[in-house]
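Peer 1: sequence and predicted model, in that order:
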Amino acid sequence: MQLPILTALGSMWEILRHTFRPRETIQYPEEKPRLPPRWRGRIILSRDPDGQERCVACYLCAVACPPDCISLQATEDAYGRRYPAYFRINFSRCIFCGFCEEACPTDAIQLTPDFEMCEYDRRNLVYEKEQLTISGTGKYPGYNFYRVAGLAIHGKGKGQAENEAPPTDLKDLRP
Amino acid sequence: MGRRGEGKPVSSLAQGLANAFGILVGLLGLAAGLIWVERRLLALWQDRYGPNRVGPFGLLQVVADMIKIFFKDDWVPPFADAPVFVLAPMVIVLSTLGAFAVVPLAPGIGVSDLNIGLLFFLAMSSLGVYSVILAGWASNNKYALLGALRGAAQMLSYEVFMGLALMGVVLEAGTFDLRSIVIAQRHLWYCVPQFFGLVVFVVAGIAEARRLPFDLPEAEAELVAGFHTEYSGLKFGLFFVGEYIGIIVISAMIATLFFGGWLGPGLPPIAWFLVKVAVGIAFFILLRASLPRPRYDQLMAYGWKVMLPVALANLAVTGAVVVARAGGG
């Protein structure tokens, strides 16, 4: 059996040796932490490769959002393409859980490795579509929802999407 | 008592006042600075940096903390016993400051040269327990009362062999006068012949200063903050200052009684004394960084079953040696 005082002295020696260990702290404002690409930070709305908004205003992100910080209104353009009339994220409520990104069927809403979004005024944390939308495709390059969806839209009829068979004539008996 | 040539007693009134005032200001400043020292040292041993933003090396953190604590609401809970509640934090500062009054810093530097300095120190450190009990009782809060209860039992038990451990030094030096004790160590510091006395005194000193690992009166994991649960603002600050002065006093006593006080080659005496006290303080903080808090019954058993017999045996052996050396027996 070891004497308690010896084990105490042993742990004190072990702690004392930490004097010469490197520090774990990252001196933040001067030294930036390394954020992994899948870091869940500031939310953005991406565009498809043609430069169109990806968001089709399906409301799935707003439904999935636990603190209800996403607010949007769907509308359609002249060709029947859905898009949000407004899209608003209240970042003072957002918990950066990433559920909106998981729910999004068109890869429009994405979380990015950026957390530096402090404001002196709380109202400035409410981001509108103009602040949320970026010019590129974000994490998923090359994906265009309307090019793979079976929906007839301006310039693309039924059966013309990628990997899509021509539509079946239901009134025809021939195979 | 005839060997006081080197440790000249403090002379004229003006000099005495300057001495006392300088030591008071220096002690309070040091106690405040220890907040920063402790946080930086703890951080050093936990692979962090600690406060390093406010001023050079974060030194002005102390000023920022003080400004904060000065402007806090000085609140007395409506259910508390107000006069006692206010009195308790003053007691600890006054008793620890009083204990420091007898510490001889260097030849000619020191507030008071009592010929019973050691007894005065023991008496003053015993008075500190009143602060804990009164604070816990006046708070009218069960956590505070439990903390006070533990504090009373712990400090009374550890006081017993704190005194006994020092009696070995007194036997060797033949005096209660701290200056004479320092001068008696000119050839050999008492940490060698009184090694067990040193060990017992250090353990008892930690318990007296209620420092980790013996901080059971304020065990924050169990008792919120123990006896000062209800305190905030300046009154909490006084407890803090009292605790830090307590650390300085215990370190100063360890240096004076066992490590030859201001004695040492080369450097001026006051520098030697400060170096020894600084090492003592760093040791206290290292203890905090490395040791977990014992259970309450372990603390008591350790005190009464280990420390007390060691102190008694040390006293008996020292007495025998002193008598034998004097040619008696």
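Peer 2: Looks like it arrived, so ask away. Numbering: from 1, shown residues only, chains lettered A, B, ... in the order given.

Peer 1: and chain A, which of its residues are near chain B?
Peer 2: A:4, A:8, A:11-12, A:14-16, A:18-19, A:21-25, A:27 (C-beta under 8 Å from any C-beta of the partner chain). Backbone N, C-alpha and C define where each C-beta goes, glycine included.

Peer 1: just the buried residues out of the residues you listed, in PyMOL syntax.
Peer 2: Buried residues among the residues of chain A next to chain B (16 or more other C-beta atoms under 10 Å in any protein chain shown), as a PyMOL selection:
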select buried, chain A and resi 12+15+16
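
Peer 1: which one of the residues of chain A next to chain B is nearest B:Val310?
Peer 2: A:Pro4 (13.4 Å; C-beta to C-beta).

Peer 1: circling back to that earlier point, from the residues of chain A next to chain B, pick the one nearest B:Pro83.
Peer 2: A:Ala8 (41.7 Å).

Peer 1: please pull up the helix or strand immediately following the one helix or strand the closest one maps to.
Peer 2: Element membership of A:Ala8, judged by DSSP states H and E, is helix A:4-16. Later in the chain than helix A:4-16, the nearest helix or strand by DSSP H and E is strand A:43-45.

Peer 1: quick one: contacts for B:Trp45?
Peer 2: Applying C-beta atoms under 8 Å, 6 or more residues apart in numbering or on different chains, we find B:Trp45 in contact with A:15-16, A:18-19, B:286, B:289-290.

Peer 1: contacts for the strand or helix carrying B:Ala320 next, please.
Peer 2: Element membership for B:Ala320 (DSSP H and E) is helix B:308-325. Applying C-beta under 8 Å, 6+ apart, the set of residues contacting helix B:308-325 from outside is B:160-161, B:164-165, B:167-168, B:171-172, B:193-194, B:196-197, B:199-200, B:329.

Peer 1: picking up where we left off before, can you name every helix or strand that the helix holding A:Ala8 contacts?
Peer 2: helix B:269-290 (3 or more C-beta pairs under 8 Å, 6 or more residues apart in numbering or on different chains; DSSP states H and E).

Peer 1: state the next helix or strand along the chain beyond the helix it packs on.
Peer 2: Next helix or strand after helix B:269-290 toward the C-terminus (DSSP H and E): helix B:296-301.

Peer 1: what comes up buried for that following helix?
Peer 2: Result for helix B:296-301 [16+ other C-beta under 10 Å]: buried residues B:299-300.

Peer 1: who touches that helix?
Peer 2: Helix B:296-301 has contacts (C-beta under 8 Å, 6+ apart) with B:150, B:153-154, B:157, B:207, B:214, B:216.

Peer 1: most surrounded residue in those?
Peer 2: Among these, the one with the most neighbours (other C-beta atoms under 10 Å in any protein chain shown) is B:Ala207, at 27 neighbours.

Peer 1: closest residue of chain A to chain B?
Peer 2: A:Ile15 (3.8 Å; C-beta to the nearest C-beta).

Peer 1: what's the closest non-adjacent residue to that residue?
Peer 2: Ranked by C-beta to C-beta, 6 or more residues apart in numbering or on different chains and with sequence neighbours excluded, the top spatial neighbour of A:Ile15 is B:Ser290, at 3.8 Å.

Peer 1: tally of neighbours for that neighbour?
Peer 2: Using other C-beta under 10 Å, B:Ser290 has 20 neighbouring residues.

Peer 1: shouldn't the residue of chain A closest to chain B be in contact with B:Arg288?
Peer 2: No - using C-beta atoms under 8 Å, A:Ile15 is not in contact with B:Arg288; the gap is 9.8 Å.

Peer 1: show me where chain A has strands.
Peer 2: A:43-45, A:70-76, A:82-90, A:109-111, A:126-127 (DSSP state E).

Peer 1: just put the ones you listed in CSV and tack on mean pLDDT, mean neighbour count and distance to B:Thr318.
Peer 2: CSV is the format used below for the strands of chain A (pLDDT from 0 to 100; neighbours: other C-beta atoms under 10 Å in any protein chain shown; distance: least, C-beta to C-beta, whole Å):
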stretch, mean pLDDT, mean neighbour count, distance to B:Thr318
strand A:43-45, 93, 22, 74
strand A:70-76, 92, 15, 78
strand A:82-90, 92, 18, 75
strand A:109-111, 93, 22, 72
strand A:126-127, 93, 18, 77
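
Peer 1: export those strands to CSV and append columns for distance to B:Leu263.
Peer 2: Rendered in CSV, the data for those read as follows (distance: least, C-beta to C-beta, whole Å):
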stretch, distance to B:Leu263
strand A:43-45, 68
strand A:70-76, 74
strand A:82-90, 69
strand A:109-111, 66
strand A:126-127, 70
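
Peer 1: which residues touch stretch A:156-169?
Peer 2: A:146-150, A:152.

Peer 1: would you mark the buried spots in the helix holding B:Ala320?
Peer 2: B:308, B:310-311, B:314-315, B:318.

Peer 1: for stretch A:49-56, same thing?
Peer 2: Neighbour count says stretch A:49-56 has A:53-56 buried, by 16+ other C-beta under 10 Å.

Peer 1: try stretch B:245-255
Peer 2: Buried-residue list, stretch B:245-255, by 16+ other C-beta under 10 Å: B:245-255.

Peer 1: residues making contact with it?
Peer 2: B:27-28, B:30-31, B:34, B:92-93, B:96-97, B:99-100, B:103, B:121, B:125, B:128, B:198, B:201-202, B:205-206, B:208-211, B:261, B:273, B:276-281, B:283-284.

Peer 1: filter these down to the ones in helices?
Peer 2: B:27-28, B:30-31, B:34, B:92-93, B:96-97, B:99-100, B:121, B:125, B:128, B:198, B:201-202, B:205-206, B:208, B:273, B:276-281, B:283-284 (DSSP state H).

Peer 1: hmm, which of those are the buried ones?
Peer 2: B:27, B:30-31, B:34, B:92-93, B:96-97, B:99-100, B:121, B:125, B:128, B:198, B:201-202, B:205-206, B:208, B:273, B:276-277, B:280-281, B:283-284.

Peer 1: okay, now the nearest residue to A:Gly51 once chain neighbours are set aside: neighbour count?
Peer 2: Leaving aside its sequence neighbours, A:Gly51 sits nearest to A:Ser135 (C-beta to C-beta, 6+ apart; 7.6 Å). Residues contacting A:Ser135 under the criterion other C-beta under 10 Å number 7.

Peer 1: now A:Ser135: how far from A:Ala108?
Peer 2: 14 Å (C-beta to C-beta, to the nearest Å).

Peer 1: residues in contact with the closest residue to A:Lys129 other than its chain neighbours?
Peer 2: With C-beta to C-beta, 6+ apart as the criterion, A:Lys129 has its nearest non-adjacent residue at 4.2 Å, and that residue is A:Phe87. Residues near A:Phe87 by C-beta under 8 Å, 6+ apart: A:45, A:55, A:57, A:70-72, A:128-129, A:132.

Peer 1: how close does A:Phe87 sit to B:Tyr296?
Peer 2: A:Phe87 is 60 Å from B:Tyr296, where distance means C-beta to C-beta.

Peer 1: repeat that for B:Ile248.
Peer 2: Computed as C-beta to C-beta, the B:Ile248 to B:Tyr296 distance reads 27 Å.

Peer 1: same deal with B:Leu94?
Peer 2: Taking C-beta to C-beta, one finds B:Leu94 at 28 Å from B:Tyr296.
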